[in-house]
Each structure stands twice: as structure tokens, then as C-alpha cells.
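K.L.:
Generate a structure from the sequence data that follows.
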Amino acid sequence: QVQLIESGGGSVQAGGSLRLTCAVSGDTLLTYAVAWFRHAPGLERVCVAAISGKGDMQYYADSVEGRFTISRDNSSNMVYLQMDSLKSEETAAYFCASRRSYNGGWSWRDWDYWGQGTHVTVSP
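P.N.:
Model (predicted):
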């Protein structure tokens, strides 16, 4: 069983930056892939970035490629999402999720463990 706790959300103006943190506990982080999802009101929860257990593979949604960076520190059981050049339409709740395998699809249905989320507000 894996527990995930997100932090780092807040309010920022468009063009600004935030760094989200996902603290993972309950098992060896190295064996889990971790992803960040975005869930805006009225829309489906979508994966914006994912990283393999060893950190050697990353996935980014086209909409965030070049602006968001996912990273992890297995020694401290942390996964990060650096978000730069934020846009107002990226206002949403952000969740981290994990599963054993990095490969397996990017739908929220494909991920096993979830945090409670942290909210990001980007003002125009």
C-alpha cells in the first residue's frame, strides 16, 4: 500500500511558476511510477506528466511539454512537478498517483494509488 500527499499548490498570475511536491510513503518508492494529474471543473482528470521508478523515463502531455518538469528524489521519497509559464486555463486540482509499472496507459483509470490533491489557481 502506498500513501501520497501533495503540497505546493496556491495562487499565481499567468506566466508565473509553482512547484508541486508529492510525498510518498508505505513502500519502496523506487518500485513505483508516479504521475501528476490535473482535474479542472467539468473536465476529465488528465495526466500532465509521469516518471518511471528510476526516473529514467518521463511522459508529458503535449499541452505542458517544455513548460512542466517532473522529477523525483527516491532517497527522500519525493516527486516534484515544476510548472513554469502557467496559463489561466491550468487552474485546477492537481493530484499525484502511482502504480507499479511505468507502462500502462495515461488514463486516470490506469493508476492505483492517489493523493488528496492540491489546488492551483492561475489568474489572468
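
K.L.:
so who does the residue nearest the centre of the chain touch?
P.N.:
Residue closest to the mean C-alpha point of the chain, counted by Cα atoms, centre = their mean, is W36 at 1.9 Å. Applying Cβ atoms under 8 Å, 6 or more residues apart in numbering to W36 gives the contacts 20, 22, 47-50, 70, 79, 81, 94-97. Any C-beta I mention is one placed from the backbone N, CA and C, and that applies to glycine too.

K.L.:
can you pull the pLDDT of the nearest residue in space to Y80 that is not next to it in sequence?
P.N.:
Among residues not flanking Y80 along the chain, S71 sits closest, at 5.0 Å (Cβ to Cβ, 6 or more residues apart in numbering). S71 is assigned 97 on the pLDDT scale.

K.L.:
Surely S71 touches D56?
P.N.:
No. S71 lies out of contact with D56 (Cβ atoms under 8 Å); the separation is 11.7 Å.

K.L.:
Comparing the two, which residue is more hemmed in?
P.N.:
Just comparing S71 and D56: by other Cβ atoms under 10 Å the higher neighbour count belongs to S71, 14 against 8.
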